[in-house]
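K.L.:
Sequence first, predicted model second:
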Amino acid sequence: DAKTTQPPSMDCAEGRAANLPCNHSTISGNEYVYWYRQIHSQGPQYIIHGLKNNETNEMASLIITEDRKSSTLILPHATLRDTAVYYCIVRGGNQAGTALIFGKGTTLSVSS
Amino acid sequence: DSGVTQTPKHLITATGQRVTLRCSPRSGDLSVYWYQQSLDQGLQFLIQYYNGEERAKGNILERFSAQQFPDLHSELNLSSLELGDSALYFCASSGHGELFFGEGSRLTVL
């Protein structure tokens, strides 16, 4: 699986959009970008995933650049409960049903 | 609620002892994964089972073993426990896509 690079930490004001970047410059054509988050000591939570098109669900939006070498997770109106570690993971489409390998992620701190 | 159930939530034991952690996957999920998260380490993948068979191994120590039963629940056995085994142990399950994680079992070895 391609390696990902994320900033170790970010801050965001409550009510503002949180934009979390991820670099995956070695991603290959059949690899998906997954985002998970872990709120303090809880089990990781699936947020969203995508291949090449932008995706949106009730939690977040995922913007993938045209060359697919980077992506941004957007939490449109961050709340204090969004404070968590966010993990960007690249995984092959033919690897559905395989383990996710977590890196260090980005610690997002949302403050009032 | 992810639908993945882990027991016990907390466990305190002594060095040299053996413990068993249990995981019930989401209904219909055939894959079960075990992860370890220590204070100074990230989420480390230990092992995966698929429909009763071992599918993949990660950084699992020889003192640790797991199995998945016909009803698809799984157990992680940790033996000859050391202080460094103190950690959160997460179980996850999946069908064919994203993984869903339980709330973890916190193991403290004294």
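P.N.:
That came in fine, so what should we check first? Numbers count the residues shown, from 1 in each chain, chains lettered A, B, ... in the order given.
K.L.:
What is the neighbour count of the residue of chain A found nearest chain B?
P.N.:
The minimum distance from chain A to chain B, using Cβ to the nearest Cβ, falls at residue A:43 (3.3 Å). Where you see a C-beta, it was placed from the backbone N, CA and C, and this is true even at glycine. By the measure other Cβ atoms under 10 Å in any protein chain shown, the count of residues near residue A:43 is 23.
K.L.:
Am I right that residue B:84 falls within a strand?
P.N.:
No: with DSSP: H, G, I helix; E, B strand; the rest coil as the criterion, residue B:84 is located in helix rather than a strand.
K.L.:
Do you know the pLDDT at the residue nearest to it when sequence neighbours are not counted?
P.N.:
Nearest residue to residue B:84 in three dimensions, chain neighbours excluded: residue B:38, at 7.5 Å (Cβ to Cβ, 6 or more residues apart in numbering or on different chains). Note for residue B:38: predicted pLDDT of 92.
K.L.:
how about the spatially most central residue of chain B, secondary structure?
P.N.:
Against the mean C-alpha coordinate of chain B, by Cα atoms, centre = their mean, the closest residue is residue B:34 at 3.6 Å. Following three-state DSSP, residue B:34 is assigned to strand.
K.L.:
Can you report phi and psi for the residue nearest to it when sequence neighbours are not counted?
P.N.:
Sequence neighbours aside, residue B:46 is the residue nearest to residue B:34 in space, at 4.3 Å (criterion: Cβ to Cβ, 6+ apart). Residue B:46 has phi and psi values of phi -100, psi -60 when expressed as degrees, to the nearest 10.
K.L.:
I figured residue B:46 hits residue B:78, correct?
P.N.:
No: judged on Cβ atoms under 8 Å, residue B:46 makes no contact with residue B:78 at a distance of 10.1 Å.
K.L.:
what helix or strand is the most centrally placed residue in chain A on?
P.N.:
Closest to where the C-alpha atoms of chain A average out (Cα atoms, centre = their mean) is residue A:35, at 3.4 Å. Take DSSP states H and E as the rule and residue A:35 turns out to sit in strand A:31-38.
K.L.:
who touches that strand?
P.N.:
Strand A:31-38 is contacted by residues A:1-2, A:20, A:22, A:24, A:27, A:44-51, A:60, A:62, A:64, A:71, A:73, A:82, A:84-93, A:100, A:102, A:105, B:43, B:98 when judged by Cβ atoms under 8 Å, 6 or more residues apart in numbering or on different chains.
K.L.:
about what we covered before: touching both of residue B:46 and residue B:78, which residues are there?
P.N.:
Shared contacts of residue B:46 and residue B:78, counting by Cβ under 8 Å, 6+ apart, come down to residue B:64.
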